[in-house]
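K.L.:
can you look at this prediction? I've put the sequence above it.
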Amino acid sequence: MNQLTEQEMTQRALDLEWLLTDVDGVLTDGRLVYGARGESLKTFNVYDGLGLKLAQRAGLKVGFLSSRSSPALNRRANELGLDAVMAGSEDKGRTFERFLSRRATSARRVAYVGDDLPDLAVLGRVGLAFCPANAVPEVRAVAHVILARAGGEGAVREVVERLLGARGQWKEMTSSFTFES
């Protein structure tokens, strides 16, 4: 594991432009559920959705990078108003390269959340690499931060809390939810 000091975490968080996340196993619990007509069903955690919106309000661009494509993934991306959706490509490394080129950014300006072997091609390159508590051992070995929460249980929200906290923005982003008498 590539543990970072608080100072390194803060500096890398301040350098970020993007937060990208895998979907299955990160935003969902990784189970594949099919409906009666064969459609793919996914269960998303509402905490993650609000976290992604808060990241956007704080100035980060957010997106999905998933090997699988589905109407459920596209609907969630549309509901959240994501800045990028890359789905349906088996080669995440190549897809990430195209993303960097098209967005004129560098890998160090991206944080990524992944949980399984296909994510290694991205996790090993980004400025900040996160994984859920239940990620596979190979991913845990390269992540800068292993989260306390499992995939589908608010792991992405935990990432956002940590990033915005390191950037000094968490209190500002959450102040509108606080009741003051």
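P.N.:
Nice, I can see it.

K.L.:
C-alpha only now, for contacts and for neighbours.
P.N.:
OK.

K.L.:
was I right about Arg12 contacting Leu128?
P.N.:
Yes - applying CA atoms under 8 Å, one finds Arg12 in contact with Leu128, separated by 6.8 Å.

K.L.:
tell me which of those two has more neighbours.
P.N.:
A count of neighbours by other CA atoms under 10 Å puts Leu128 above the other of Arg12 and Leu128, at 26 against 21.

K.L.:
what lines up beside the strand ranked longest in the chain in the sheet?
P.N.:
Counting by DSSP state E, the longest strand found in the chain is strand 61-66. In its sheet, strand 61-66 lies beside strand 18-21 (parallel), strand 84-87 (parallel), with partners assigned from DSSP bridges.

K.L.:
show me what contacts Arg108?
P.N.:
Residues near Arg108 by CA atoms under 8 Å, 6 or more residues apart in numbering: Arg12, Asp15, Leu16, Arg125, Val126, Gly127, Leu128.

K.L.:
can you name the two of those residues that sit furthest apart?
P.N.:
Using CA to CA, the pair of the contacts of Arg108 lying farthest apart is Asp15 and Arg125, separated by 14.6 Å.

K.L.:
just give me the neighbour total for the residue nearest to Val23 when sequence neighbours are not counted.
P.N.:
With CA to CA, 6 or more residues apart in numbering as the criterion, Val23 has its nearest non-adjacent residue at 5.8 Å, and that residue is Ser66. Residues lying near Ser66 (other CA under 10 Å) number 25.
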